[in-house]
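Participant: Pasting the sequence and the predicted coordinates here, then a few questions.
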Amino acid sequence: MKKELEPAEIQRAFGSESRRQMLEEYFGKAGKVTPANAWKHVYRLLLWTDRTTGLAHCYESDKAQPGRPWYARSLAFHDWVSEGLGAAPGDLGAEVDWLFTRGTERLAAVIARRQAERTGRAAEQRAPYDGRGFPEPGEDPALRESLVREELAPWLPSPPPPAAMRKLTQRIRTHLAQENKRKNLVGEGFEDVLGSLIGRLPGAAKMKVNGRPVLHSLPGFRPPPGNEKPRKVDLAVIGPGKRRVLVSAKWSVRADREEQFGVDFEAYARLEDAGRDFDFVLITNEFDAARLNAACERRRQNATLFTSVVHVNPAGPLAAYGESSRDSAAKLAEHVKSGRLMSLERWLSKLIG
DNA sequence: ATGTGCGAGTATTGTGTCTC
DNA sequence: GAGACACAATACTCGCACAT
């Protein structure tokens, strides 16, 4: 058993232990989890607003800029999701992104602690160069010059002291760098969130939920031969009757990662040892119709690759595309209608069935 | 402590389609 | 048929986990 870390000991604000604690905290006061409200929890925890547009993120930022096609779709999605979460369009930002917001608070504490620990050592390292005018860490002259001299100087009675400027430039850097950490949080965080949701459903007691388990730790799968490295699964649910569900959880999908689906399945099938079928399920929040269609239609031999393709809420992409007449959008609507692209609600309902 | 693998978003390059 | 545009594929980047 891993040692339980106090929040004050956490070194990785966005790491797995920290995420586990944060989810514990969130669900502690979030009320009951049901298949019907699961998608709202996913969005409250993970959805974020794009800084450049202020809108809920559903597509790559550059393509969602005003005047481009995904700006209209982002507006439509923002409208739809605000409504669904009971927030005014202007207030959605505060309703969502809970994990990242909480994580950055923790991160600030970690950075402060680390800096305090390192100050002494840093002074030693700089000692031999004392008095020679070496640059102070965190100065960033370009940022300083353009920010203060060009933008603020006319309004300032006197130039701010260097220490204040260092603090400012450091804070700006931290702010910008934080956005990168989201990538990691969304990736593994999505798996964590799905696992937490399933584990808190009414009737979850009869299932076993594993986050990122090694494949051969699951019933009916054997270790890979030779020095082949052990396979991991994003999420595994062992249901009643030894039903095995292997979940690939991807917040979004890219062509290069799409190739991986087939490779993963092939490995899972090859290492299956019990001679029984298992479910292979994709859960995603992708919004691009073509990518979703591809996932729905992808085949292996004589069957679809995925037993089910699940979207956090297919009504989202449908709202984004609106009355679009594009082929891919029309096809997407068909997949939703037929149930091939399934809502998280429906999938969870069937799971606890 | 350091290197590798994997997750994600972003940036860039490539391709098809529509308009004038 | 050149240019603009959207869509698609590819390449790159960053941070965390885990193994060495």
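Facilitator: Done, it's in. Numbers count the residues shown, from 1 in each chain, chains lettered A, B, ... in the order given.

Participant: Next, count neighbours for residue A:32.
Facilitator: 9 (other CB atoms under 10 Å). (Glycine included, C-beta is placed from N, CA and C.)

Participant: From residue A:324, how far out is residue A:294?
Facilitator: 18 Å (CB to CB, to the nearest Å).

Participant: Contact partners for the closest residue to residue A:211 other than its chain neighbours?
Facilitator: Excluding the flanking residues, the one nearest residue A:211 by CB to CB, 6 or more residues apart in numbering is residue A:195, at 4.4 Å. Counting by CB atoms under 8 Å, 6 or more residues apart in numbering, residue A:195 touches A:209, A:210, A:211, A:235.

Participant: Apply 6 Å and report the result again.
Facilitator: A:209, A:211, A:235 (CB atoms under 6 Å, 6 or more residues apart in numbering).

Participant: can you tell me the helix or strand for the residue in chain A that DNA strand B sits nearest to?
Facilitator: Per CB to the nearest atom of the strand, the residue of chain A with the smallest distance to DNA strand B is residue A:187, at 2.9 Å. Residue A:187 belongs to helix A:162-199 when assigned by DSSP states H and E.

Participant: returning to what we had before: for the residue nearest to residue A:211, give its distance to DNA strand C.
Facilitator: Using CB to the nearest atom of the strand, to the nearest Å, we find residue A:195 at a distance of 14 Å from DNA strand C.

Participant: ok, now residue A:23?
Facilitator: 13 Å.

Participant: how many other residues sit next to the nearest residue to that residue once chain neighbours are set aside?
Facilitator: Leaving aside its sequence neighbours, residue A:23 sits nearest to residue A:196 (CB to CB, 6+ apart; 5.0 Å). Using other CB under 10 Å, residue A:196 has 20 neighbouring residues.

Participant: Would you confirm that residue A:196 contacts residue A:22?
Facilitator: No: applying CB atoms under 6 Å as the test, residue A:196 and residue A:22 come out as separate, 10.3 Å apart.

Participant: and chain A, which residues reach DNA strand B?
Facilitator: A:50, A:60-62, A:182-184, A:186-188, A:190, A:234, A:249-252, A:254, A:257, A:260 (CB under 7 Å from any atom of the strand).

Participant: Restricted to buried residues, select those in PyMOL.
Facilitator: To isolate the buried members of the residues of chain A next to DNA strand B in PyMOL, using 16 or more other CB atoms under 10 Å:
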select buried, chain A and resi 50+182+186+188+190+234+249+250+251+252
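
Participant: Which residues does stretch A:65-80 contact?
Facilitator: For stretch A:65-80, using CB under 6 Å, 6+ apart, the contacting residues are A:55, A:56, A:58, A:59, A:63, A:64, A:316, A:319, A:320, A:322.

Participant: So which of the residues you listed belong to helices?
Facilitator: Counting by DSSP state H, the part of the contacts of stretch A:65-80 found in helices is A:316, A:319, A:320.
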